[in-house]
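K.L.:
model the structure of this input:
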Amino acid sequence: MSSSRSLPCDEVAIRATRTAPGCAQSQKAWVLAAAVLASTIAYIDESVVSVALPAIQRDLETTLAPMQWVVNAYILCLSALLLIGGAAADQLGRRRMFLTGLIIFAIASIGCGIAPSVAVLIGARALQGMGAALLIPCSLAIIGAAFDEGERGAAIGTWSGFSAIAAGLGPLLGGWLVDHWSWRAIFLINPLLALPTIWIALRHVPESRDADARQKLDWLGAMLVFAGLGSFVYGLIAASRLGWQHMAVTTSLIAGILLLALFVVQERRSAAPMMPLDLFRSPTFAGVNLLTLLLYGALGGALFFLPFLVTSAYGLSATAAGALFLPFTIVLVILSRWSGRLIDRFGARWPLIIGPVICAIAFALLAGASGSGHYWALFGPMTLLGFGMAVTVAPLTTAVINAVPAQQTGVASGINNAVASVASLLAIAVFGTLAAGDFDRSLDRHLAQADISQEERGAIESARGTFAATSAPGDLTEEGGREVRSVIREALTAAIGRMVFVAAALAFLSALCSAFMIRSDRQSRRKGNG
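P.N.:
As a prediction, the model looks like this:
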């Protein structure tokens, strides 16, 4: 859920505030409207896709692994190109990059909406991620460039409020569209919103650049991290189908590790690195990013499975799956200001210990509730999870900024947001592979113990790799169909429950990172003064 993150465009926004010339009063409302519309497009699309995954899987007749790629193709391109996209906007022009990202995103959305196969859908999702890598950072940057310091806070507050509403309502809207129209509708809405946004940007948004922007862009670093993450994630996802010993899996994993190692070497040697490695010399900065990797990995991995639980295991609608995300988002938005006050009273360290612990408890309760088969039992843990994230998000952003020198706060925040995206990328790959294996083993146990006909056995076997409680074949009796669906749903529910327990463990480990690696504010100030 994108509303659970500080937004991945802080470096661009901070540069914009330093160089902002401002613009005519009549233009400012139009600039704000363009930024709000663009963010709405990006955040609604990001949050609704997970709700549509079970319907996409059924319609395109595919397995769980391609569904992982439907999500991960977008996240991979976004996380690998995000920092370079913001730097390109500073150098080449924020409006130009804003329009470029918007047009790419709209064209890719049409490709998603009309995709005849899952391979085409995955390719279009990757193109969406490339567009979002330009669109998301530039949305806030054009506000920073257009509004002067006295007006900027209110403008950004309006923008963030609409972004939070879009992210919160996205799953519910997406579920309704899936139920009443088609999963394709969630993508085809984007071009309709993009057209007025493009018109506003062309007519009313002034161009702006950063005169102090680096003249070189770290394209080699971006390509290395893209190829390294892509190769590593491919190996993780392919392992569910081919096995960990398969040559393609081991080769991809090793190649991914080597490419990421080369990325580290490139960043160490580059005159203008997109990820300055010296920032990680700060124990607090290293600790808060490790916390982010673990906690947002837990969040991304667990929330990936909820729509499958609600629609495939419980047999409810996509709208019901979307509604399940509402308490999480509402609590997070309502308590965000209160969370900011926690920092003033206690500093960032204690909230970053307590918040992840609350999240760990919420995940454990969610795992237990998932096995009950009762939809409404999930709402309590989801509300508690929103509370835990509300305690965590603002202190997390503050700890990142306070851990580095003032002139590096922008790039530090951008790195932290990229880490959060990479966390979801890796978690969906790992959790999906583990869950698919767990699901198939559960089916094996049922097949070994159950006294069922060959037709029923064949129907259960056909569910392997699909991670879904499919309709029973027509040649089964009514009683046999119920037996088949019961076996598949039990295996599915058990696999999802165990993955959410893994998420609870990761959240607890993130709290330990805070306890042992993140300094108190007083220690950080004393270190800085020294």
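K.L.:
enumerate the positions of the host helix or strand of residue 227 that are buried.
P.N.:
Applying DSSP states H and E as the criterion places residue 227 in helix 219-242. Buried positions in helix 219-242, judged by neighbour count with 16 or more other Cβ atoms under 10 Å: 221-240. The C-beta positions use only the backbone N, C-alpha and C, and glycine is treated the same way.
K.L.:
average pLDDT for that helix?
P.N.:
For helix 219-242, mean pLDDT is 89.
K.L.:
use 200 as the first number for this chain going forward.
P.N.:
Sure, I'll start numbering at 200, so the last one becomes helix 418-441.
K.L.:
right, and the helix or strand after it?
P.N.:
Downstream of helix 418-441 (by DSSP H and E), the next one is helix 446-468.
K.L.:
please name the residues that touch residue 273.
P.N.:
Going by Cβ atoms under 8 Å, 6 or more residues apart in numbering, residue 273 touches 245, 248, 324, 325, 327, 328, 331.
K.L.:
what pLDDT does the fourth one get?
P.N.:
The model reports residue 325 with a pLDDT of 94.
K.L.:
please name the nearest non-neighbouring residue to it.
P.N.:
Nearest in space to residue 325, with sequence neighbours left out and distances taken as Cβ to Cβ, 6 or more residues apart in numbering, is residue 272 at 4.1 Å.
K.L.:
and residue 360, what pLDDT?
P.N.:
pLDDT, residue 360: 69.
K.L.:
what about residue 604, neighbour count?
P.N.:
Residue 604 has 10 neighbours, counted by other Cβ atoms under 10 Å.
K.L.:
so which of the contacts of residue 273 are in helices?
P.N.:
The members of the contacts of residue 273 that map onto helices under DSSP state H are 245, 248, 324, 325, 327, 328, 331.
K.L.:
looking at these, which two lie furthest apart in space?
P.N.:
The largest separation in the ones in helices among the contacts of residue 273, counting by Cβ to Cβ, is between 245 and 325 at 14.0 Å.
K.L.:
who has more neighbours, these two?
P.N.:
Neighbours were counted for residue 245 and for residue 325 using other Cβ under 10 Å; residue 245 has more, 23 against 19.
K.L.:
quick one: contacts for that one?
P.N.:
201, 273, 331, 366, 369.
K.L.:
quick check: the gap between it and residue 631.
P.N.:
18 Å (Cβ to Cβ, to the nearest Å).
K.L.:
same check, this time on residue 584
P.N.:
Counting by Cβ to Cβ, the gap from residue 584 to residue 631 is 20 Å.
K.L.:
of these two, give the one with the bigger neighbour count.
P.N.:
Taking residue 584 and residue 631 together and counting by other Cβ under 10 Å, residue 584 has the greater number of neighbours (29 against 26).
K.L.:
and the gap between the more buried one and residue 526?
P.N.:
For residue 584, the distance to residue 526 - Cβ to Cβ - is 9 Å.
K.L.:
got it, and residue 490?
P.N.:
From residue 490 to residue 526 the distance is 24 Å (Cβ to Cβ).
K.L.:
circling back to that earlier point, got the ones in helices among the contacts of residue 273 as CSV, with distance to residue 517 columns?
P.N.:
CSV is the format used below for those (distance: Cβ to Cβ, whole Å):
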residue, distance to residue 517
245, 16
248, 12
324, 18
325, 24
327, 20
328, 23
331, 23
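K.L.:
now the contacts of residue 245 as CSV including pLDDT, distance to residue 382 and secondary structure?
P.N.:
Below are the contacts of residue 245 laid out as CSV (pLDDT from 0 to 100; distance: Cβ to Cβ, whole Å; DSSP: H, G, I helix; E, B strand; the rest coil):
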residue, pLDDT, distance to residue 382, secondary structure
201, 43, 19, helix
273, 92, 15, helix
331, 88, 19, helix
366, 72, 19, helix
369, 81, 14, helix
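K.L.:
could you point out which element follows the host helix or strand of residue 564?
P.N.:
Per DSSP H and E, residue 564 falls inside helix 548-569. Using DSSP H and E, the helix or strand that follows helix 548-569 in sequence is helix 578-601.
K.L.:
which helices and strands does the very next helix or strand once past that following helix pack with?
P.N.:
Once the chain leaves helix 578-601, the next helix or strand it forms, by DSSP H and E, is helix 608-648. With contacts taken as 3 or more Cβ pairs under 8 Å, 6 or more residues apart in numbering; DSSP states H and E, helix 608-648 sits against helix 209-218, helix 263-291, helix 418-441, helix 482-506, helix 578-601, helix 653-660, helix 677-716.
K.L.:
to residue 361, which of the ones you listed lies closest?
P.N.:
Of these, nearest to residue 361 by Cβ to Cβ is helix 209-218, at 16.1 Å.
K.L.:
so residue 323 versus residue 269, what's the distance?
P.N.:
Separation of residue 323 from residue 269 (Cβ to Cβ): 10 Å.
K.L.:
now do the shared contacts for those two.
P.N.:
Joint contacts of residue 323 and residue 269 (Cβ under 8 Å, 6+ apart) do not exist.
K.L.:
what is the three-state secondary structure of the residue nearest to residue 254 when sequence neighbours are not counted?
P.N.:
For residue 254, ignoring the flanking residues on the chain, the nearest one in space by Cβ to Cβ, 6+ apart is residue 382 at 4.5 Å. Per DSSP: H, G, I helix; E, B strand; the rest coil, the local secondary structure of residue 382 is coil.
K.L.:
tally of neighbours for residue 382?
P.N.:
By other Cβ under 10 Å, neighbour count at residue 382 equals 26.
K.L.:
contact partners for it?
P.N.:
251, 254, 255, 258, 376.
K.L.:
test my guess that the residue nearest to residue 325 contacts residue 329.
P.N.:
No - here residue 272 does not reach residue 329: they are 10.1 Å apart, not a contact under Cβ atoms under 8 Å.
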